[in-house]
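A.B. asks: with the sequence up front, the predicted model follows.
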Amino acid sequence: MAVQIKDVLTGSVAASYGIKAGDTLVKINGEEINDMLDLQFYQAGTNLEVSLLSLDGTEKLVKITDKDEYDPLGLEFETYLIDKHHHCKNKCLFCFIDQLPKGLRDSLYFKDDDERLSFLFGNYITMTNLTQKEVDRIKKVRISPINISVHTTNPQLRVKMMKNPNAANVMERMREFADADIKMNCQIVLCKGVNDGEELRRSIRDLQSLYPAVQSASIVPIGLTRYRDGLEEAEGFTGEDCREVIALVEEETAQFYKEKGTRLIYLSDEFYLNAGYDIPQADYYEDFPQIENGVGMVRTFIDNFMDDMDYHPEAKENVAVDIATGESFYPVLCTMADMAMEKYGDKVKIYIHKIKNEFFGGNVSVTGLITGTDLVKQLSGNLKTDRLCLCNDVLSDNADIFLDDMTVPQLEEALGATAEFYSCDGYDLLSGILKEV
């Protein structure tokens, strides 16, 4: 697939060899360029033959010599990927996007299932939409690691969970990647009464059999909203359910850890919080390979907060602040606030507010899905200060806007307070509270 060049960066390799905006890139060293991964892979090298079509249809062959091996050509295209995003065709019983209310911005409803985004940005793919040609390309251009949404290794059950007959070949595909030395990180969304219990035990053992090609795997609980009309019935996990899941996973990973020196498979923090258990210590998570899936994030937050208290032995000024958080993180944040106020005495006042997610409903309790609507409704008249601290996960990427499209200025006006945002990091929060950033 030939692709038109939108722009050529000034001073780039391409510009120095006369490649122009409007030219169509056809091949590099005889290899077709279909997307960004092809470009990144085939532009590496010191000597390149770049096949182009000019605007008038004239064929051009540009021979590039003595390029630094990993220097990019400096080409820009209509989209970052060059090609269109690959979207998911599954109808998974646990899909959060299918549980969104109507009326949100369009971008929230797009379900990606793109192996390029898996490699470039860490997105997870189901592999159900991969053609054999795409599988061969993954192996050829070394797209590694690749992140895979496994959910279960039982072929029939996976088809049932995803409503896609292509879901059955998960282990076949993963063995193919393992044989090609493609590294994999995996994820299981656990659904009560579906892929838990003995099915989970089977999945754990199958993933262990693929080590070290499988580098890590996380188990996260199903998220349920109140917008499941027309969808398959599903239940959330109770505290007792979570304790049973923890016991099963610890049983299945203990011997593996003893033999291999890694647990390989980890439970998300939500299981421990909902079970009423303490979050494991940092060494349990080894090098935190699944932290982006909420595995060990709470432990990191706690340890960083405590380290920052050591770094700030005293408060330099009197400060007072309100902090809003989701239901699941509320007990942790209360404990941290109490520790800080005990350390700094009367100079620091911290008021923690638990926000119930009424916008999404169901069992949604994480801080990152809090909306402006719920903040205004539940905090109006209840703030103790004119400072409101929030985790920046509640905002859309690169925009001061909540999931329900309320803007930060609208929130501030409604509550009569200044909104301050911190990353999901204990250092950042405490330094922000103390105004010592």
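C.D. replies: Cool, got the structure.
A.B. asks: and the residue nearest the centre of the chain?
C.D. replies: Glu292 (5.2 Å; Cα atoms, centre = their mean).
A.B. asks: helix/strand/coil for that residue?
C.D. replies: Using DSSP: H, G, I helix; E, B strand; the rest coil, the structure places Glu292 in helix.
A.B. asks: ranges for the helices of this structure?
C.D. replies: Taking DSSP state H as the criterion, the chain contains helices spanning 13-16, 36-42, 115-121, 132-140, 155-162, 170-179, 197-209, 239-260, 269-275, 297-311, 330-344, 372-379, 408-415, 426-433.
A.B. asks: what pLDDT does Gly45 get?
C.D. replies: Gly45 is assigned a pLDDT of 88 by the prediction.
A.B. asks: how close does it get to Ile64?
C.D. replies: For Gly45, the distance to Ile64 equals 9 Å [Cβ to Cβ, to the nearest Å]. For the C-beta atoms, the positions are set from N, CA and C on the backbone; glycine is no exception.
A.B. asks: between the two, which has more neighbouring residues?
C.D. replies: Taking neighbours as other Cβ atoms under 10 Å, Gly45 and Ile64 compare with Ile64 leading, 20 against 15.
A.B. asks: distance between stretch 140-151 and the chain's centre?
C.D. replies: 15 Å (Cα atoms, centre = their mean, to the nearest Å).
A.B. asks: what is the least confident helix or strand in this structure?
C.D. replies: The least trusted helix or strand in the chain, going by mean pLDDT, DSSP states H and E, turns out to be helix 115-121, with a mean of 52.
A.B. asks: show me where the stretch 51-200 of the chain dips below the pLDDT cut-off.
C.D. replies: By pLDDT under 70, the low-scoring segments of the stretch 51-200 of the chain are 80-88, 105-122.
A.B. asks: let's see it at 50
C.D. replies: For the stretch 51-200 of the chain, the stretches with pLDDT under 50 are 109, 115.
A.B. asks: okay, strands next: where are they in it?
C.D. replies: 59-64, 75-76, 146-149, 184-190 (DSSP state E, counting those that start in this stretch).
A.B. asks: I'd like these as TSV, with distance to Ser396 appended.
C.D. replies: Converted to TSV, the strands of the stretch 51-200 of the chain look like this (distance: least, Cβ to Cβ, whole Å):
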stretch	distance to Ser396
strand 59-64	40
strand 75-76	24
strand 146-149	22
strand 184-190	23
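A.B. asks: do you know which of the ones you listed lies nearest Asp136?
C.D. replies: strand 146-149 (13.7 Å; Cβ to Cβ).
A.B. asks: who does that closest one touch, helix- and strand-wise?
C.D. replies: Applying 3 or more Cβ pairs under 8 Å, 6 or more residues apart in numbering; DSSP states H and E, one finds that strand 146-149 makes contact with helix 115-121, helix 170-179, strand 184-190.
A.B. asks: okay if I get the ones you listed as a markdown table plus distance to Val298 and mean neighbour count?
C.D. replies: Shown next, in a markdown table, are the helices and strands packed on strand 146-149 (distance: least, Cβ to Cβ, whole Å; neighbours: other Cβ atoms under 10 Å):
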| stretch | distance to Val298 | mean neighbour count |
| --- | --- | --- |
| helix 115-121 | 23 | 19 |
| helix 170-179 | 29 | 18 |
| strand 184-190 | 18 | 23 |
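A.B. asks: how about Val50, nearest residue that isn't a chain neighbour?
C.D. replies: Val62 (4.4 Å; Cβ to Cβ, 6 or more residues apart in numbering).
A.B. asks: tell me, how many residues neighbour the one you found?
C.D. replies: Look at Val62: counted by other Cβ under 10 Å, it has 16 neighbours.
A.B. asks: what does Lys349 give?
C.D. replies: 17.
A.B. asks: for the closest residue to it other than its chain neighbours, what are its contacts?
C.D. replies: Of all residues not flanking Lys349 in the chain, Ala320 sits nearest, at 4.0 Å (Cβ to Cβ, 6+ apart). With contacts defined as Cβ atoms under 8 Å, 6 or more residues apart in numbering, Ala320 is in contact with Val348, Lys349, Ile350, Tyr351, Lys384, Thr385, Arg387.
A.B. asks: now swap in Ala15 and tell me
C.D. replies: Shown in contact with Ala15 (Cβ under 8 Å, 6+ apart): Val8, Leu9, Gly74.
A.B. asks: find me the pLDDT at the first one, would you?
C.D. replies: Looking back up the chat, that one is Val8. For Val8, the pLDDT comes out at 90.
A.B. asks: run through the stretch 201-350 of the chain and note the low-pLDDT ranges.
C.D. replies: For the stretch 201-350 of the chain, no range has pLDDT under 50.
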